[in-house]
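> Next input, structure requested:
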Amino acid sequence: MAIRRFSFWLILVALLLAVSSLVQAQESEPVIAPATCTEPGTLTMWVWDENWAEIIGSAIEEWQADYCPGAEVDLQVQPWQQYWDLLRTNAAGGELPDVFNMSQDRFFFYASNDALLNLQPYLDQFGVDTSVWGTGMIDPYRWGEERDLYAAPVNWDTIAIYYNKDLFDAAGVDYPTAEWTWDDFAATARALTDPAADVYGAAVYSEYQSGYPNWIAATGIPPIVGAARTQCTLRERQSLEALNFLKGLYDESVMPSVSIMGGASADDAFNYWLAGRVAMVQAGSWKLPAAFEQATFNWDVVQMPRYPENGRTRSILHSVGYVAAAGTDTPELAANLITFLASDAGQKYFAEAGGVAPADPALQDEWIAAFGDTNVNIQAFVDAIEDSQGVTVFDEIWDAINTELVINIFDLNLSVDEATQIACEAVEAQLDAQSGS
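The predicted model follows:
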């Protein structure tokens, strides 16, 4: 009997060690693994940022050394405005670089003109589980009836509420939490509005990514333009509800007008917050360095408040992507390089550099750590990735939705119905033009 008990414990210990080893192996497995190329070749690649070129160049060196010996990549930097002009010209002539960076708001033009390589078959071939990226990062890069993926994400940025803790303390108002609702937000904004001190409770409507579309997204529909890019969604019930909610706060003088802030841009709203004139403002993760450097008061960030009907907080997320030209002579090689750059191995270069947040979900802690020892809840931006809305609008409609709609509602006092009708007419005209109808 003693021998049997001893044997039992040996077996139990062996099983526990085996399970422990399996768990450790699973924890160490990469979220997105690179693949060895089948055959090396030569690729051209364009980026629009010098700093990115240095980071991506280091990643490419590892790809060439460990995954595709003998491959050559001509990495070129084209300045931002020149970049898009050259891409459009080259797309018309069928002379695009093999691999290049793409922005969600520019994707529609290239996809609708059949200029991009469908990456889905190659990502499937290389065993990439695209669901790890989340909907906001990749859904705007899907195209066609099968909703195949035409880009792998480089990075992300999204939106949260920046709030002035000193103003909260002075008014005796509790700090917001991740579970707060639209009603909580409205009550908080009202409590923080102090006409005698010329302080407003909030400024959360300015522009597309930083403003009112975040509230529309929380209701469950894509703001402005639907996912298939065939219709304007501003006249949908949920869009009107979100805009009327914000206009109600504006009509109560809880939010300042465009004229009072000095402009309709998200920068105007953020600068108004930095000046201590507004307690809460919506702004992107890219504003963190400016807040750390310029804010003269105590502050923090929190996720967007939750829509009461569904309990969702759903901010606008934008992700730059890696794409390949449909006409590349080496599609598998181009897709292999893109897979490496989007993998844990390739993304670590962005994570270590700080600044922009890497798309790879395994590397978010490194991005947060890059800001140093701080009490600011930077994790709120990472948490927002879980249920986010990617950018489905496109360059040609920016003025109609960024400036005109905002000014019409939050400065000229047009009704939401009137302003959205005007905006949708402009959006639908461009949708028709883009589709050739």
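> dump the residue contacts of E241.
Counting by C-beta atoms under 8 Å, 6 or more residues apart in numbering, E241 touches T219. The way it works is simple: take the backbone N, C-alpha and C, and place the C-beta from them, glycine included.
> Give the next helix or strand downstream of the helix or strand encompassing it.
Per DSSP states H and E: E241 is located in helix 237-251. Following helix 237-251 in sequence order, the next helix or strand is helix 258-261 (DSSP H and E).
> So for the helix holding E241, could I get the coordinates as CSV, restricted to C-alpha?
Below are the C-alpha coordinates for helix 237-251, written out as CSV (Å, rounded to 0.1, in the frame of the first residue of the first chain):
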residue,chain,number,x,y,z
ARG,A,237,-32.0,57.2,-34.5
GLN,A,238,-29.0,56.4,-32.4
SER,A,239,-26.9,59.1,-34.2
LEU,A,240,-29.6,61.7,-33.6
GLU,A,241,-29.9,60.6,-30.0
ALA,A,242,-26.2,61.0,-29.3
LEU,A,243,-26.0,64.4,-31.0
ASN,A,244,-29.1,65.7,-29.2
PHE,A,245,-27.6,64.6,-25.9
LEU,A,246,-24.5,66.7,-26.6
LYS,A,247,-26.5,69.6,-28.0
GLY,A,248,-28.6,69.5,-24.8
LEU,A,249,-25.5,70.1,-22.7
TYR,A,250,-24.3,72.8,-25.0
ASP,A,251,-27.8,74.5,-24.8
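> mind listing what's buried in that helix?
Q238, S239, L240, E241, A242, L243, F245, L246, K247, L249, Y250 (16 or more other C-beta atoms under 10 Å).
> wait, the first one sits on W215?
Spelled out, it's Q238. No: with contact defined as C-beta atoms under 8 Å, Q238 does not reach W215; the gap is 9.4 Å.
> what sits up against stretch 166-176?
Contacts for stretch 166-176 (C-beta under 8 Å, 6+ apart): 161, 163, 165, 184-185, 188, 191-192, 194, 199, 276, 279, 297-298, 300, 302, 305.
> 6 Å instead?
Stretch 166-176 has contacts (C-beta atoms under 6 Å, 6 or more residues apart in numbering) with A191, L192, A279, F297, N298, V302.
> likewise stretch 62-78?
With C-beta under 6 Å, 6+ apart, stretch 62-78 has contacts from 34, 36-37, 40, 42-48, 50, 53, 57, 60, 86, 340.
> all helices of the stretch 1-150 of the chain, in order?
Taking DSSP state H, counting those that start in this stretch, the helices of the stretch 1-150 of the chain run over residues 2-28, 50-62, 80-93, 104-112, 120-125, 135-138.
> got the buried residues for stretch 215-225?
Applying 16+ other C-beta under 10 Å to stretch 215-225 flags W215, I216, A217, A218, T219, I221, P222, P223, I224, V225 as buried.
> and if you look at stretch 124-131?
Applying 16+ other C-beta under 10 Å to stretch 124-131 flags F126, V128, T130 as buried.
> So which of the contacts of stretch 166-176 belong to strands?
A279, V302 (DSSP state E).
> Weed out the non-buried ones from the contacts of stretch 166-176.
Looks like these have A191, L192, A279, V302 buried, using 16+ other C-beta under 10 Å.
> check contacts around the third one.
This points to A279. N164, L167, L192, G201.
> And the third one, how far from A171?
In this structure, L192 and A171 are 5 Å apart, going by C-beta to C-beta, to the nearest Å.
> so where's the stretch 1-150 of the chain shaky on pLDDT?
Counting by pLDDT under 70, the ranges of the stretch 1-150 of the chain that qualify are 1-30.
> With the stretch 301-437 of the chain instead?
Using pLDDT under 70, the stretch 301-437 of the chain drops low at 354-355, 435-437.
> Do a quick rundown of the strands in it.
316-317, 321-324, 357-358, 389-390 (DSSP state E, counting those that start in this stretch).
> okay, the ones you listed, which one's buried deepest?
strand 316-317 (a mean of 30; mean count of other C-beta atoms under 10 Å).
> nearest to R106, of the buried residues of stretch 124-131?
T130 (20.6 Å; C-beta to C-beta).
> Next one: Y272 from V204, what distance?
On the measure of C-beta to C-beta, Y272 and V204 end up 12 Å apart.
> Pick out whichever of these two has more residues nearby.
Per other C-beta atoms under 10 Å, whichever of Y272 and V204 has more neighbours is V204, with 26 against 20.
> and the more buried one, what does it touch?
By C-beta under 6 Å, 6+ apart, the neighbours of V204 are Q282.
> ditto for P308
Applying C-beta under 6 Å, 6+ apart, the residues near P308 are T181, W182.
> Excluding residues flanking it in the chain, which one is nearest I60?
Leaving aside its sequence neighbours, I60 sits nearest to V73 (C-beta to C-beta, 6 or more residues apart in numbering; 5.2 Å).
> how many other residues sit next to the one you found?
Using other C-beta under 10 Å, V73 is surrounded by 21 other residues.
> Bridged to it, which residues?
Using DSSP bridges, the bridge partners assigned to V73 are L43.
> what's the most distant pair in the buried residues of helix 237-251?
Q238 and Y250 (18.9 Å).
> about what we covered before: out of the buried residues of helix 237-251, which is nearest to A115?
Nearest member of these to A115, counting by C-beta to C-beta, is S239, at 30.9 Å.
> So that closest one is in contact with W215, correct?
No: counting by C-beta atoms under 6 Å, S239 does not reach W215; the two are 9.1 Å apart.
> Report the separation between the nearest residue to A178 once chain neighbours are set aside and D157.
For A178, ignoring the flanking residues on the chain, the nearest one in space by C-beta to C-beta, 6+ apart is Q303 at 5.0 Å. Distance, Q303 to D157, by C-beta to C-beta: 15 Å.
> more crowded one of those two?
Each of Q303 and D157 has its neighbours counted (other C-beta under 10 Å); Q303 has more, 24 against 18.
> thinking again about what came up before, with distance to A357 added, can I get the buried ones among the contacts of stretch 166-176 in a markdown table?
Below are the buried ones among the contacts of stretch 166-176 laid out as a markdown table (distance: C-beta to C-beta, whole Å):
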| residue | distance to A357 |
| --- | --- |
| A191 | 33 |
| L192 | 29 |
| A279 | 26 |
| V302 | 18 |
